[in-house]
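Novice: From the sequence below, what's the structure:
(2 chains)
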Amino acid sequence: MREKILSVIEKNSRIDIGELAILLGEDEAAIANEIADMEKEGIICGYHTLINWDKTANEKVNALIEVRVTPQRGMGFDNIAERIYQFSEVNAVYLMSGSFDFTVFIEGRTMRDVAQFVSDKLAPMDSVLSTATHFVLKKYKDHGTILSAKKKDERQLITP
Amino acid sequence: MRDPLSNTIKSIKPSGIRKFFDIVNTMEDAISLGVGEPDFETPYFIRDAGIYSLEKGKTFYTSNSGLMELREEIRNYLIRKLNVEYNPKNEMIITVGGSEGIDIALRAMLDKDDEVLIPQPSYVSYEPCTILAGGKPVIIELKAEDGFKLKASQILEKITDKTKIIILPFPNNPTGSILNIEELKEIAKVCIKKDLYVISDEIYCELTYEGEHASIVQIEGMKERTVLINGFSKSYAMTGWRLGYATGPKEIIAQMTKIHQYAIMCAPTTSQYAAIEALIYGDADVARMRESYNQRRRYLLYRFEEIGMTCFEPQGAFYVFPSIKKFNMSSEEFATRLLEEQKIAIVPGTAFGESGEGYVRVSYAYSMDRLKEALSRIEKFVRSL
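Specialist: Numbers count the residues shown, from 1 in each chain, chains lettered A, B, ... in the order given. Below you'll find the predicted structure:
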């Protein structure tokens, strides 16, 4: 049941529990309990809204930074990751396989904000060997959702 | 001038759906729940395979029966799905949609005045295709109290020494009823005893919501007397690609291929390449779409109960078929008034045969938002009666 609940609310976190119970053919109270449990267990970590900021007056700049680091003895990568992800400018941090170690997603108001964060905060860290900053020019698809205009239903109105 | 038209074609009534479609089309802002096709676009990897085949210049006719690679994948699929094996060399033909399969199967098997048993309500083309093939349609009326299932006794009531074929339209459009293996066994007994051939239209076989799909060809002695019709439209959301297939005894398939060869040459090449991809990699997408339909099915059943419209629980396809008998009007009147008063387009049950009187078909191949809006309008309409 958990998987089914998650697959629905992953795409629509605003669905009400009564409706979710109808869609899944389950008892409403049971669903509410499962969701509460998953929140406690940290399976459900939050209910966010996917916003296309490009359509607002709000200026935002996103960047993806490849970071190479020297892991610390006894701590591996986790300690360094923590030092990076604590910054509020940082939206996401992933440990990667391949030619660099972390992917860091930064959000700033301007390019200068992002550049400053990298040169003042990120690059000078002891264990950071190098950074490579890539700015996002345009978002086409985010969190599995295509951001361009919705398509019209082109089907005939009545078909056998 | 002489009448250019044949008496046969003039004897065929235009589809009831067509008539209603013309009315709906005059309403500009109607919300439709009237389609018989998925709301999903074809999964992109399948479209991509079609595009790739075009880039590679695969723009020629294929063999009349269709690409061998596709037929081999259909063989594998049917083993996976039904545990029944068909020889891709001579027991299979790729058609232009399941509907061509129905047409050429009837034409390959019927002589003048042979009778075809057609359970109704059902898809609109069995009856006219039978007439065009020179046969005589004999209608079996499926009943709500039987769950719109076909019973062996109903076959026996209608059988004559002219009866040659029975059509099995399950999972059923428009009722959503299915036949399980036990029910099919009862029907198979009659078919074998009375020496009937079967055309089993299983186009909705991937859209069943309670248990595995069962086919009459799984029953001993039936593969030899059954033409199985299937296709890609509903399972893989590929309606516009016009691709289906028929499998059956090689003697019948050979003659169907002859008709197909003269009338069509071969099914669209691009679609055939895309379909290979669908069969190899499509299972996860089929499951995803099925789950989505199932959720909407539950929602509609819940809402119709809330509204107070009796609704048989459909176990397949993507339609519900609520009864409108308590409102004391015909299906057509109900559908027309709903369209005029609330701008909701649904299909009167009579479009699928006389036995559809008293019912309407509501499709749930729509987004939840659309279904919610439409159902609240249907509720308003029903409350006003």
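
Novice: got a list of contacts for the longest helix seen in chain A?
Specialist: Criterion DSSP state H: the longest helix present in chain A is helix A:28-40. Helix A:28-40 is contacted by residues A:Met1, A:Arg2, A:Ile5, A:Leu6, A:Ile9, A:Ile17, A:Gly18, A:Leu20, A:Ala21, A:Leu24, A:Ile44 when judged by Cβ atoms under 8 Å, 6 or more residues apart in numbering or on different chains. Heads up, the C-betas are built off the backbone N, CA and C, glycines and all.

Novice: quick one: the fifth one from chain B, how far?
Specialist: As judged by Cβ to the nearest Cβ, to the nearest Å, A:Ile9 and chain B stand 12 Å apart.

Novice: That residue and A:Asp16 touch, don't they?
Specialist: No. Counting by Cβ atoms under 8 Å, A:Ile9 stays clear of A:Asp16, with 10.8 Å between them.

Novice: So which of the two has more stuff around it?
Specialist: Per other Cβ atoms under 10 Å in any protein chain shown, whichever of A:Ile9 and A:Asp16 has more neighbours is A:Ile9, with 17 against 9.

Novice: Just the pLDDT at the closest residue to that one other than its chain neighbours, thanks.
Specialist: Of all residues not flanking A:Ile9 in the chain, A:Ile15 sits nearest, at 6.3 Å (Cβ to Cβ, 6 or more residues apart in numbering or on different chains). Note for A:Ile15: predicted pLDDT of 95.

Novice: Tell me how many other residues crowd A:Ile15.
Specialist: A:Ile15: 14 surrounding residues under other Cβ under 10 Å.

Novice: sec struct for it, please.
Specialist: Assigned with DSSP: H, G, I helix; E, B strand; the rest coil, A:Ile15 falls in the coil class.

Novice: before we move on, the earlier item: what mean pLDDT does the longest helix of chain A have?
Specialist: Confidence over helix A:28-40 (mean pLDDT, whole number) is 97.

Novice: distance between that helix and the chain's centre?
Specialist: Between the centre of helix A:28-40 and the centre of its chain there are 23 Å (Cα atoms, centre = their mean, to the nearest Å).

Novice: do stretch A:53-70 as well
Specialist: What separates the centre of stretch A:53-70 from the centre of its chain is 12 Å, taken as Cα atoms, centre = their mean.

Novice: Span of that stretch from start to end?
Specialist: This stretch, stretch A:53-70, spans 35 Å end to end (Cα to Cα, to the nearest Å).

Novice: what does chain A put close to chain B?
Specialist: Within chain A, the residues that sit near chain B (Cβ under 8 Å from any Cβ of the partner chain) are A:4, A:7-8, A:19, A:22-25, A:153, A:155-160.

Novice: Restricted to helices, list those residues.
Specialist: Using DSSP H to define helices, the subset of the residues of chain A next to chain B located there is A:Lys4, A:Ser7, A:Val8, A:Glu19, A:Ile22, A:Leu23, A:Leu24.

Novice: so can I have JSON lines of the residues you listed showing pLDDT?
Specialist: Shown next, in JSON lines, are those (pLDDT from 0 to 100):
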{"residue": "A:Lys4", "pLDDT": "94"}
{"residue": "A:Ser7", "pLDDT": "94"}
{"residue": "A:Val8", "pLDDT": "95"}
{"residue": "A:Glu19", "pLDDT": "96"}
{"residue": "A:Ile22", "pLDDT": "96"}
{"residue": "A:Leu23", "pLDDT": "96"}
{"residue": "A:Leu24", "pLDDT": "96"}
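
Novice: Beta-bridge partners for B:Ile94, please?
Specialist: Taking DSSP bridges, one obtains B:Tyr245 as the residues bridged to B:Ile94.

Novice: what about whatever residue of the stretch 201-350 of chain B ends up closest to chain A, distance to B:Leu301?
Specialist: Going by Cβ to the nearest Cβ, chain A is nearest to B:Gln295 of the stretch 201-350 of chain B, at 3.9 Å. Separation of B:Gln295 from B:Leu301 (Cβ to Cβ, to the nearest Å): 11 Å.

Novice: Ok, A:Leu122 next?
Specialist: 55 Å.

Novice: Tell me how far the residue of the stretch 201-350 of chain B closest to chain A lies from B:Thr208.
Specialist: 15 Å.

Novice: How many residues are close by A:Gly25?
Specialist: A:Gly25, neighbours per other Cβ under 10 Å, totals 15.

Novice: I figured it hits B:Arg296, correct?
Specialist: No. With contact defined as Cβ under 8 Å, A:Gly25 does not count as touching B:Arg296 (11.8 Å).

Novice: so who does B:Leu156 touch?
Specialist: Listed by Cβ under 8 Å, 6+ apart, the contact partners of B:Leu156 are B:Val190.

Novice: and it, which of the three is it?
Specialist: helix.

Novice: The residue of the stretch 201-350 of chain B closest to chain A is in what secondary structure piece?
Specialist: helix B:283-307 (DSSP states H and E).

Novice: Mind listing what's buried along that helix?
Specialist: If you call a residue buried by 16 or more other Cβ atoms under 10 Å in any protein chain shown, then helix B:283-307 has these buried ones: B:285-286, B:289-290, B:292-304, B:307.

Novice: Which residues does it contact?
Specialist: Helix B:283-307 is touched from outside by A:4, A:7-8, A:19, A:22-25, B:38, B:40, B:43, B:176, B:206-207, B:209, B:235-237, B:310-311, B:313-314, B:318, B:320, B:322, B:362, B:364-366, B:368, B:371, B:375, B:378-379, B:382, with contacts defined as Cβ under 8 Å, 6+ apart.
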